[in-house]
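Participant: Have a look at this fold, sequence not included:
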């Protein structure tokens with residue numbers, strides 16, 4: 001009886017994981033993350049949990065004030081393996097006019113297993129800042145598996161440097177360091193709220 005119950009839980013867990021995988025692939029295609037950002041979908045769902053226990057559901061809309069702080073991430077990680085984490089928006093300043101595609105929101109490399117805090121920070125996290133009349137903007141988070149701990153040429157970016165963060169090409173970056181297609185990923189959407197002017201003022205000392 002216990003064996004059967006345990007077997008049932010194992011099967012249920014696998015089914016949920018497979019469903020998550022299929023769903024994130026479907027949503028990324030529907031939102032045209034493929035091919036706007038990447039050519040191939042991630043193999044699994046990247047779970048993202050923000051403050052107040054807010055867990056991202058792929059494709060859904062969230063407000064910038066909900067996403068102020070760096071999220072906790074979870075994927076099927078090997079503690080002996082190093083990973084690269086990227087979050088970006090292809091819709092800068094808007095989906096209709098992506099002049100700065102893609103805008104980098106977070107980049108951490110040489111992450112051992114799930115321990116993001118022990119990774120090498122290139123761009124610290126800052127949340128969505130869609131302009132007031134931009135409509136819905138997409139935000140994509142990806143995890144790539146590295147071959148080993150790597151020597152990255154890129155230095156830590158100044159958080160206030162718009163030039164450093166604009167026109168980031170994740171495909172070129174990962175090809176440069178011989179990474180394969182993304183291991184895990186997630187995508188959500190966001191639109192302007194009254195926190196965006198605060199973030200713009202803090203980052204760039206400017207209003208919208």
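Facilitator: Everything's here; your move. Remember, it's a predicted structure, so these values are computed and weren't measured experimentally. Numbers count the residues shown, from 1 in each chain.

Participant: Leaving out chain neighbours, which residue sits closest to the residue nearest the centre of the chain?
Facilitator: Nearest to the centroid of the C-alpha atoms of the chain, with distances taken as Cα atoms, centre = their mean, sits residue 141, at 1.3 Å. What sits nearest to residue 141 in space, not counting adjacent residues and going by Cβ to Cβ, 6 or more residues apart in numbering, is residue 87, at 4.4 Å. All C-beta spots, glycine's among them, are computed from the backbone N, C-alpha and C.

Participant: got the phi/psi numbers for that neighbour?
Facilitator: Note on residue 87: its backbone torsions stand at phi -130, psi 130 [degrees, to the nearest 10].

Participant: Now do the same contact list for it.
Facilitator: For residue 87, the set of contacting residues under the criterion of Cβ atoms under 8 Å, 6 or more residues apart in numbering consists of 104, 105, 106, 107, 125, 139, 140, 141, 142.

Participant: again, only this time at 10 Å
Facilitator: Residues in contact with residue 87 (Cβ atoms under 10 Å, 6 or more residues apart in numbering) are 46, 48, 70-71, 73, 102-108, 123, 125-128, 139-142, 170, 186.

Participant: how much space between it and residue 161?
Facilitator: 17 Å (Cβ to Cβ, to the nearest Å).

Participant: quick revisit: just the ones of the contacts of residue 87 in helices?
Facilitator: Among the contacts of residue 87, the subset assigned to helices under DSSP state H consists of residue 170.

Participant: quick one: the strands in the protein?
Facilitator: For the chain, the strands defined by DSSP state E cover 44-45, 47-50, 54-55, 61-62, 72-74, 82-89, 103-112, 120-123, 137-145, 184-190.

Participant: For residue 156, which of the ones you listed is the nearest?
Facilitator: For the strands of the chain, proximity to residue 156 was assessed by Cβ to Cβ; strand 120-123 is nearest, at 5.7 Å.
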